[in-house]
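> Okay, here's the prediction I keep looking at, along with the sequence it came from:
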Amino acid sequence: MPLPHTTPATEAEAVARQLTLREHIVPDDTGPAPGTPATVAGVDVAYDDVRGIVAAAAVTLDAVTLEVRERATATGPVPFPYRPGLLAYRELPAVLDALGRLATAPDLVVCDGYGIAHPRRFGLAAHLGVLTGLPSIGVAKNPFTFHHQPPAAERGAWSPLLDGTEEVGRALRTQPGVKPLFVSTGHRVTLPTACAHVLNLARRYRLPETTREADRLCRTALSAATRP
DNA sequence: GCGACAG
DNA sequence: ATCTTGTCGC
């Protein structure tokens, strides 16, 4: 069922593949309902650009209790340079590897970065969702090239994230008086549902527990891979 | 041409 | 992403 991933030889090929794959995005709401019994995985990567090594982590949490259910990591060579708009080609190989090492596939994947909020409407979270078939959402820490009005100060407040006049995501306040996160849809999840998931996962801190756990794990995995 | 630009 | 100490605040 999952589609294969291979590293493009050129940026033009990378862009062309995005235009093809984006047709496979399913913009429905067939993923789990926020806060209901389900498993949610956070994925993240860390780099050692000097040695050209990337380490990825996938951590599965219980969506109700937020307890960690499973952890997996993967390391490998950095496969693609960083280019805004092509982040997925840099992160996906290691992330897909880590996800595949989980004994049980999650019901939802939370990515660091964007989903449909992307110059070609096919960011990392959408790409991951299409390849794996899993419901996915993107959670970014900055607005990238998009614009927004600051949401009200209370937790849960949001404002549209705009590419011109098109709403591509939401600036979502997960903690009172703290900088908002930028949430966008990936695959099989609706924008309001995606925001509800993020609020459910970010009860105490700005970032969802899924990304906090994945961030910690990929860093330790990187130092372990870098430490002979 | 210059600046901006997820991680 | 990553380089990096102390420091202001709850």
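That came through, no problem. Numbering: from 1, shown residues only, chains lettered A, B, ... in the order given.
> need the residues of chain A near DNA strand C, please.
Proximity of chain A to DNA strand C is confined to A:45, A:46, A:47, A:49, A:112, A:141, A:215, A:219, A:222 under the rule C-beta under 7 Å from any atom of the strand. (C-beta placed from N, C-alpha, C; glycine too.)
> taking those residues one by one, which sit in strands?
Counted as lying in strands by DSSP state E, out of these, are A:45, A:46, A:47, A:112.
> circling back to that earlier point, now list the buried members of the residues of chain A next to DNA strand C.
Neighbour counting with 16 or more other C-beta atoms under 10 Å marks A:45, A:46, A:47, A:112, A:215, A:222 as buried within the residues of chain A next to DNA strand C.
> Excluding sequence neighbours, find me the nearest residue to the fourth one.
If I follow you right, that is residue A:112. residue A:44 (5.0 Å; C-beta to C-beta, 6 or more residues apart in numbering).
> residue contacts, that neighbour?
Residue A:44 sits next to A:56, A:57, A:112, A:211, A:214, A:215, A:217, A:218 when contact means C-beta atoms under 8 Å, 6 or more residues apart in numbering.
> residue contacts, the fifth one?
Read it as residue A:214. Neighbours of residue A:214 in contact, by C-beta under 8 Å, 6+ apart: A:41, A:42, A:43, A:44, A:57, A:58, A:59, A:112.
> How about the residues of chain A by DNA strand B?
So chain A meets DNA strand B at A:44-45, A:47, A:82, A:84-88, A:112-114, A:118, A:123-125, A:138, A:140-142, A:144-145 (C-beta under 7 Å from any atom of the strand).
> Kindly supply the PyMOL command isolating those of those that are buried.
Only the buried entries of the residues of chain A next to DNA strand B go into this PyMOL selection, using 16+ other C-beta under 10 Å:
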select buried, chain A and resi 44+45+47+85+86+87+88+112+113+114+118+123+124+125+138+140+144
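> Any buried residues in the lengthiest helix in chain A, and which?
In chain A, assigned by DSSP state H, the helix with the most residues is helix A:209-226. Neighbour-count burial for helix A:209-226, with 16+ other C-beta under 10 Å as criterion, is recorded at A:209, A:210, A:211, A:212, A:213, A:214, A:215, A:217, A:218, A:221, A:222, A:225.
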